[in-house]
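Engineer: kindly generate the corresponding structure for this input.
(chains A and B)
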Amino acid sequence: MKKVLVIIGGLSCAILAIWAYQVSGKTRAAIGQLKQINNEISVEQERIEMLRAEWAILNRPDRLRYLVGKNAARLGLAQISTSNYGEATQVPYAIGDLHQNEDFIDPSDIETILQDLLNTEEVQAH
Amino acid sequence: MISNTNASLIGLFRARMRGADPAQARASEAEIRQRQRDKIEHERASWRLLFATVVVFSAYLLIAAKMAILSVSAPTENGSNYQPRKIYGGRAAIVDRNGELLATNLPGYSLYVEPEEMIDPTRAASELAKIFPKLDQEELYEKFTREGSKFAWVKQQISPEQKTAVFNLGEPGLMFGKRELRLYPNGADAAHVLGGFKFGEAAVNAAEIEGQAGVEYAFNSYLSDPKNERQPLKLSLDINVQDALENILQNGVTATDAKGAAAVLMEADTGRVIAMTSLPDYDPNSRPKALAQGDDPSLSPRFNRAAQGLYELGSTYKIFTAALAMESGYANPQTVIKVGKHIASGKYKIADFHYYGESLTLHDIIVKSSNVGTARVARSIGGPKQREFLEKLGLLKPTSFELPEAGRSQPLFPARENWSDLSTMTISYGHGIAASPLHLASAYCTMVNGGYKVNPTLLQDIPKDLERPRVISEETSRNLRAMLRDVVNSPIGTAKFARTEGYDIGGKTGTADKLRPNGGYYKDKNVNTFASAFPMSDPKYVLVVTMDEPHNKEGNSEQQTAGWTVVPIARQIVERVAPLLNLRPVYTPDIPIN
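Structural biologist: Sure, this is the predicted structure:
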């Protein structure tokens, strides 16, 4: 009886030890991986910061204003003024049956249309 | 108790009496004792064994239990032994109310030299002087050849192109250190708000960035706190509005040949500043040096005219006199007040720009901007009440605005004992008292927002339950709005050029003679101000524009009054900025003031 217990104890001890060793190894590997990923994250964050700064420089209001002025002939952009606003009553009523107009988009179809658009874009990208 | 020796002696005697062999008897006795000792030892040993077993077993059990728990629980990141890599983004960014970047960090380089490693100091000095024209070749050579020198800075901050150029020299003694740079992507836009930076403690591979002025200085502890690294400081500015404001004002300064200008746009209810500009300005990426001692600091581009500059703001103050008159029950807008050609105090005479007749209503005194009428009202109410009222409006002490420059802006006014009748009269129309355009904007917020005190702020997130003490009544505020609207809309108003389709502007002009540095006023130099609010039916925004010595040269004669100079510029600003603020134009004429 005693011997059996000792053998069982010894065996379970050995099994536990092997298991613990494996878990410890995996943990070490995971920590290494974590460090690497965190490194990658901070490198990416650095790049994001850089891109954000670049974006801010390229889109700074006075640069955009300068570019709009320089390309006025091509773009024909004018500054927004009070005349760009309209009243809701100025929008004309639709003529005829909406559903027969080929430009009419049923709001309930928007999901499918968007999905189709995305799919075609992906195909083109490939 | 019998001692051991005695006990064995007793045994000996007993054995002798029995006639046994005393030696044998002693041996057997010893054996019995030995057995007893062995038994005790055995018992002890088994207890120890049991104890050790229990301890070891429970230790294993603990480990096993912990492992069992670990094996069934969800994995979590081990945070304690991971430190994020220190990157250059140490200082928090600054963003505007829409999250657009106003200031951020970039990696950069510094250049230093280790003279012992140098191969050809003469060539290095001459080549470096070519790359950096501001560096002196002889000084560099002296630096490179100094006896016993192991280290010297060449330049704290160099661009990537310069780094490549220096690298291509192939001189091993020239070294690069890492540097964070502070970048202001919008250039001169909002320069005075942002301020600038300088390098503090400098080591070879890092240098602390310190705020030098503006927001960078005021919020230095927040910005440099590593725990805020990813939490940008959100300002109430809107960079697009700021740029539009600066652009129009700059054009205005050029057109009117003004020495400088300042403008403040703020939310009438909360005091949040949407745009603030001071011209001439500068690029915070390379902040200009301070002027030499003895020069007038207000001429430096670094000087923030909007928050720090103190000006006599002229007739814009008349609205405060009208407010006081209504609050104290002295008059209502329709009360007729004697005006006449002039009003005298001692040897001084106060007159109007034109003769406005013998009497005017309080409403018309404001609309036509009569000095005489305002002075009469103020003299009747009295100096102490006037002083108390201006104090309540916050016009007699620095504002609580966050910029360090604003804290130094203590308004100028006569001491209590010198606040004479004459002072009361001139102060009623904004002379003999000086404050910053920011002061004026805050006070105008109170005039039009229903009468609540407003503290100007640069922070987008302000406490919701902010206490807003009431300064004037709802009704007074409503009457003042009607007056301000008529200054613009009425054919007799002084700010007719502010009329615009769709945006219901109201405001008050102010043309003040400029002070001579050694007392007295210039006859032909003005500081012109237009303090306005829009839309007048329910004012959301207050705009104050001030220009230093503008001239309107259109037409036959040169015009220097506010109505001809700042007012058209303020109108352009509103027309351009209101759509950016999502304010719809309304074409219904004369919406009642609510």
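Engineer: Three-state assignment for the residue of the stretch 351-500 of chain B found nearest chain A, please.
Structural biologist: When scored by Cβ to the nearest Cβ, the stretch 351-500 of chain B has residue B:500 as its residue closest to chain A, at 7.4 Å. (Each C-beta comes from the backbone N, C-alpha and C, glycine too.) Classification of residue B:500 by DSSP: H, G, I helix; E, B strand; the rest coil places it in coil.
Engineer: cool, the one 3 residues further on as well?
Structural biologist: The local conformation at residue B:503, judged by three-state DSSP, is coil.
Engineer: and the residue of the stretch 1-150 of chain B nearest chain A?
Structural biologist: Residue nearest to chain A within the stretch 1-150 of chain B (Cβ to the nearest Cβ): residue B:101, separated by 3.9 Å.
Engineer: by mean pLDDT, flag the weakest helix or strand of the chain.
Structural biologist: Here I'm looking at chain A. helix A:110-125 (a mean of 73; mean pLDDT, DSSP states H and E).
Engineer: my question was about chain B, not that one.
Structural biologist: Here the helix or strand of chain B ranked lowest by mean pLDDT, DSSP H and E is strand B:196-202, holding a mean of 74.
Engineer: note down every partner strand of the next helix-or-strand element following that strand and its orientation.
Structural biologist: Remark: after strand B:196-202, the chain's next helix or strand is strand B:207-213, criterion DSSP states H and E. Its sheet considered, strand B:207-213 pairs with strand B:196-202 (antiparallel) by DSSP bridges.
Engineer: buried residues in the strand it pairs with?
Structural biologist: B:196, B:197, B:199 (16 or more other Cβ atoms under 10 Å in any protein chain shown).
Engineer: list of residues touching it?
Structural biologist: B:110, B:153, B:156-157, B:179, B:182, B:207-214, B:216, B:284, B:287 (Cβ atoms under 8 Å, 6 or more residues apart in numbering or on different chains).
Engineer: sorry, back to before: now the residue of the stretch 1-150 of chain B closest to chain A: closest residue in space, sequence neighbours ignored.
Structural biologist: Among residues not flanking residue B:101 along the chain, residue A:56 sits closest, at 3.9 Å (Cβ to Cβ, 6 or more residues apart in numbering or on different chains).
Engineer: tell me the phi and psi of that neighbour?
Structural biologist: Phi and psi for residue A:56, reported as degrees, to the nearest 10, are phi -60, psi -40.
Engineer: same question for residue B:27, what's its three-state structure.
Structural biologist: In three-state terms, and counting by three-state DSSP, residue B:27 is helix.
Engineer: give me the low-pLDDT residue ranges for the stretch 251-400 of chain B?
Structural biologist: Of all residues in the stretch 251-400 of chain B, those with pLDDT under 70 make up the ranges B:291-295, B:297.
Engineer: mind listing the helices for it?
Structural biologist: Here the stretch 251-400 of chain B has its helices, by DSSP state H, counting those that start in this stretch, at B:318-327, B:362-368, B:371-381, B:383-392.
Engineer: stretch B:166-178 near chain A at all?
Structural biologist: No - contact of stretch B:166-178 with chain A (Cβ under 8 Å from any Cβ of the partner chain) is absent, the minimum separation being 12.4 Å.
Engineer: which of the residues in that stretch are buried?
Structural biologist: By 16+ other Cβ under 10 Å, the buried positions in stretch B:166-178 come out as B:166, B:171, B:173, B:174, B:175, B:176, B:177.
Engineer: looking at the residues you listed, which two lie furthest apart in space?
Structural biologist: Spanning the widest gap among the buried residues of stretch B:166-178 are B:171 and B:177, at 15.7 Å by Cβ to Cβ.
Engineer: where does residue B:6 land on pLDDT?
Structural biologist: pLDDT recorded at residue B:6 is 75.
Engineer: residue ranges of the strands in chain A, please?
Structural biologist: Remark: no strands are assigned in chain A by DSSP state E.
Engineer: about what we covered before: so which of the buried residues of stretch B:166-178 belong to strands?
Structural biologist: Per DSSP E, strands hold the following members of those: B:174, B:175, B:176, B:177.
Engineer: give me the pLDDT value at the most centrally placed residue in chain B.
Structural biologist: Central residue of chain B (Cα atoms, centre = their mean): residue B:215, 3.5 Å from the mean position. pLDDT for residue B:215: 89.
Engineer: list the contacts of it.
Structural biologist: For residue B:215, the contacting residues are B:94, B:193, B:194, B:195, B:233, B:235, B:402, B:403, B:458, by Cβ under 8 Å, 6+ apart.
Engineer: which of those residues sits closest to residue B:467?
Structural biologist: Taking Cβ to Cβ as the measure, residue B:467 sits nearest to residue B:402 out of the contacts of residue B:215, at 17.9 Å.
Engineer: I figured the closest one was touching residue B:458, is that so?
Structural biologist: Yes - in terms of Cβ atoms under 8 Å, residue B:402 counts as a neighbour of residue B:458; the distance is 4.9 Å.
Engineer: the two: which has the busier surroundings?
Structural biologist: For residue B:402 versus residue B:458, the count of surrounding residues by other Cβ atoms under 10 Å in any protein chain shown is larger for residue B:458: 23 against 20.
Engineer: and the more buried one, its phi and psi?
Structural biologist: Note on residue B:458: its backbone torsions stand at phi -110, psi 0 [degrees, to the nearest 10].
Engineer: same check on residue B:136?
Structural biologist: Here is the backbone geometry of residue B:136 (degrees, to the nearest 10): phi -100, psi 130.
Engineer: wait, it sits on residue B:129?
Structural biologist: Yes - contact criterion Cβ under 8 Å: residue B:136 and residue B:129 qualify, at 6.9 Å.
Engineer: okay, these two: which has more neighbours?
Structural biologist: residue B:129 (17 against 13).
Engineer: just the residues contacting the helix or strand harbouring the more buried one, thanks.
Structural biologist: Assigned by DSSP H and E, residue B:129 belongs to helix B:121-131. Residues from elsewhere that reach helix B:121-131 (Cβ under 8 Å, 6+ apart): B:113, B:115, B:118, B:135-138, B:140-141, B:144-145, B:154, B:162, B:165-166, B:169, B:171, B:173-174.
Engineer: sort out for me which of the residues you listed are in helices.
Structural biologist: B:137, B:138, B:140, B:141, B:144, B:145, B:162, B:165, B:166 (DSSP state H).
Engineer: wait, what's in contact with the nearest residue to residue B:431 once chain neighbours are set aside?
Structural biologist: If the residues on either side of it in the chain are set aside, residue B:431 comes closest to residue B:312, at 5.5 Å by Cβ to Cβ, 6+ apart. For residue B:312, the contact set (Cβ under 8 Å, 6+ apart) comprises B:430, B:431, B:432, B:433, B:434, B:512, B:513, B:515, B:527.
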